[in-house]
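Novice: How does the following fold in three dimensions:
(one chain, ligands or ions: 2)
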Amino acid sequence: LFAGAADFFHAADKLAVLPPMRGHEIAFAGRSNVGKSSLINALTGRNALARTSHTPGRTQQLNFFDIAGRLTLVDMPGYGYAAVEKAKVAAWTALIHDYLRGRANLARVYVLVDSRHGLKPNDAAVLDELDKAAVSYQIVLTKADALKQAEIQARLDATAAAIARRPAAFPEIVLTSSRTDDGIQDLRASIARLLAE
Ligand code: GTP
Ligand code: MG
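Specialist: Ligands and ions are numbered 1, 2, ... in the order given. Have a look, this model is predicted:
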């Protein structure tokens with residue numbers, strides 16, 4: 001799946017300009033700077049497919065990527081702090097919630113959480129929305145390279161406890177690093193399984 005072509009094909013800054021639905025879509029959501037765009041690059045093995053930046057607020061639209069004509073990946077703007085006007089972040093957050101709630105071909109949402117910081121209240125708000133809309137999601141802890149093994153285990157345990165009673169949460173948590181590629185192959189396999197269902 002990820003050995004084939006990966007192409008950007010659409011950007012949307014409002015619901016009215018989403019592309020037509022075709023096949024399964026998988027979205028990557030999370031706070032600004034958590035590593036959504038970097039993870040899409042790691043998954044596709046393409047360094048600069050999705051634009052990344054040290055400064056939170058890089059991705060400013062829903063960006064749609066076609067994977068081998070079989071799947072669409074959606075890179076989303078971040079919520080939470082971003083180095084842009086507050087009004088912009090508020091508009092993104094509304095767009096993210098509307099999209100996640102209403103996209104019928106959304107097969108799964110990967111909710112990225114920085115393994116150094118853990119789940120925050122604005123993550124919980126997104127999880128609430130997904131639970132309410134019965135949209136399946138899975139937590140991905142990012143930047144695992146930045147933590148020691150014992151810290152990683154503590155973060156995994158705390159995160160597992162936080163989602164234990166959430167109805168739409170996939171119980172298994174994925175640990176990744178886009179820097180070292182740890183967990184990337186597992187995530188590819190999990191996406192491939194989803195398509196096979
Ligand atoms: P926004 O689009 O602004 O919401 O950010 P994003 O979630 O798309 O994050 P992005 O991929 O742009 O990465 C943000 C910063 O985190 C960049 O400086 C990346 O180099 C860094 N980063 C991303 N993934 C990793 C990782 O696995 N490990 C480490 N150490 N840094 C990472
Ligand atoms: Mg981004």
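Novice: secondary structure element for residue 99?
Specialist: Per DSSP states H and E: residue 99 is located in helix 86-102.
Novice: okay, the angle between the helix or strand just after that helix and helix 86-102?
Specialist: Per DSSP H and E, the first helix or strand lying C-terminal to helix 86-102 is strand 106-114. Interaxial angle, strand 106-114 versus helix 86-102 (axes from the mean of the first three to the mean of the last three CA atoms, to 10 degrees): 140 degrees.
Novice: rewinding a little: what comes up buried for the helix holding residue 99?
Specialist: Neighbour counts over helix 86-102 (16 or more other CB atoms under 10 Å) mark 89, 92, 93, 95, 96, 97, 99, 100 as buried. In short, each C-beta sits where N, CA and C put it, glycine included.
Novice: Any chance you could list what contacts that helix?
Specialist: Helix 86-102 is contacted by residues 13-15, 18, 27, 29, 32, 57, 60, 62, 74, 76-82, 106, 109, 122, 126, 129-130, 132-133, 135 when judged by CB atoms under 8 Å, 6 or more residues apart in numbering.
Novice: I'd like to know which of those residues are buried.
Specialist: The buried subset of the contacts of helix 86-102 (16+ other CB under 10 Å) comprises 18, 27, 29, 32, 57, 60, 62, 74, 76-80, 82, 106, 109, 122, 126, 129-130, 135.
Novice: What average pLDDT does stretch 57-68 get?
Specialist: This predicted structure assigns stretch 57-68 an average pLDDT of 97.
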